[in-house]
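# okay, structure incoming, though there's no sequence with it:
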């Protein structure tokens with residue numbers, strides 16, 4: 001009764017989407033979720049035909065789920081029916097999984113630093129890890145006050161990763177980890193003191209929601225509308241990031257205690273249940 005399609009930036013789905021829709025009964029409730037923060041940027045680069053076909057295809061769905069307001073506004077401007085569009089975070093509560101190796105790492109950082117920063121994402125430049133490393137490496141209180149764990153996964157730019165290793169330069173308070181399982185990442189995040197999201201674009205970052213679930217304060221770049229519990233900073237200003245970290249030290253950043261009731265209400269509406 002329900003066909004729910006999950007896509008990143010629509011590009012590849014354009015080649016198979018129409019065929020998928022043709023082979024489901026008309027009574028089927030057709031739902032599509034667009035996840036990627038790169039969706040708007042990539043779609044703007046489509047030629048006229050691909051843009052028109054994207055609009056045509058999306059209007060064949062009963063419900064379109066975006067993960068932030070920027071995507072919704074873009075779709076409306078492109079001629080997608082507004083009544084079909086919902087904004088819904090892509091989030092499931094994580095299940096932490098401990099390990100001896102992670103406990104050793106966390107204990108070591110806790111001994112040498114007062115607080116642990118975690119950041120995460122693909123191993124590519126848009127995640128801005130170098131900005132956080134630069135702040136920790138700086139000869140200031142931050143080099144002693146904070147340890148940094150960079151958790152990367154899935155996609156890597158080897159040249160960028162090598163630059164990060166050079167920038168870290170044997171600083172024992174900065175650790176770059178590749179391809180942790182979601183459960184192991186959740187364990188690291190749960191035992192951290194702040195999560196930083198330094199991306200130059202975004203969807204609705206799952207890690208931000210996970211950090212809030214564990215009551216970990218979040219500092220996030222102001223490139224898109226973020227959840228209300230985030231402390232925002234300007235990517236082009238190291239001072240802005242410093243001020244955010246100062247608030248963490250002073251315990252001034254709150255987490256969100258709201259329940260999932262509003263999200264559940266939206267889901268029931270989308271699925272007609």
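Okay, I see it. Here the structure is a predicted model, which means the values were calculated and not measured.

# same question for stretch 87-105, mean pLDDT?
Stretch 87-105 shows a mean pLDDT of 87.

# could you do stretch 208-215 as well?
Averaging pLDDT along stretch 208-215 gives 90.

# give me the most central residue, this protein.
With distances taken as Cα atoms, centre = their mean, the residue of the chain nearest its centroid is residue 205 (2.0 Å).

# was I right about that residue contacting residue 199?
Yes - look at residue 205 against residue 199 with Cβ atoms under 8 Å: they come within range, at 7.4 Å. Yep, even glycine has a C-beta here, placed from its N, CA and C like the rest.

# overlap of the contact sets of these two?
When contacts are counted by Cβ atoms under 8 Å, 6 or more residues apart in numbering, residue 205 and residue 199 have residue 37 as shared neighbours.

# who's the closest residue to the residue nearest to the centre of the chain other than its chain neighbours bridged to?
Of all residues not flanking residue 205 in the chain, residue 197 sits nearest, at 5.6 Å (Cβ to Cβ, 6 or more residues apart in numbering). Beta-bridge partners recorded for residue 197 (DSSP bridges): residue 220.

# and residue 197, what's its pLDDT?
pLDDT for residue 197: 97.

# show the contacting residues for it.
119, 121, 205, 207-208, 218-221, 230.

# next, the buried residues of stretch 76-83.
Under the neighbour-count criterion of 16 or more other Cβ atoms under 10 Å, stretch 76-83 has residue 80 buried.

# with stretch 55-71 instead?
Those buried within stretch 55-71 under the rule 16+ other Cβ under 10 Å are 57-58, 61, 63-68, 70-71.

# of the residues you listed, just say which sits nearest to residue 106.
residue 67 (30.2 Å; Cβ to Cβ).

# touching, the closest one and residue 85? I think so.
No - at 11.5 Å, residue 67 does not count as touching residue 85 under the criterion of Cβ under 8 Å.

# now the contacts of residue 197 as a markdown table including distance to residue 189?
Converted to a markdown table, the contacts of residue 197 look like this (distance: Cβ to Cβ, whole Å):
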| residue | distance to residue 189 |
| --- | --- |
| 119 | 10 |
| 121 | 13 |
| 205 | 12 |
| 207 | 7 |
| 208 | 10 |
| 218 | 11 |
| 219 | 14 |
| 220 | 14 |
| 221 | 18 |
| 230 | 15 |
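
# min pLDDT across these, which one?
Of all the contacts of residue 197, residue 205 carries the smallest pLDDT score, 86.

# ok, that residue to residue 21 distance?
Look at residue 205 and residue 21: by Cβ to Cβ, to the nearest Å, they are 30 Å apart.

# so where's the chain uncertain?
The chain contains residues with pLDDT under 70 at 90, 139-144, 256-262, 273.

# all strands of it, in order?
2-7, 29-34, 63-66, 85-87, 115-123, 146-156, 174-178, 194-197, 218-221, 231-233 (DSSP state E).
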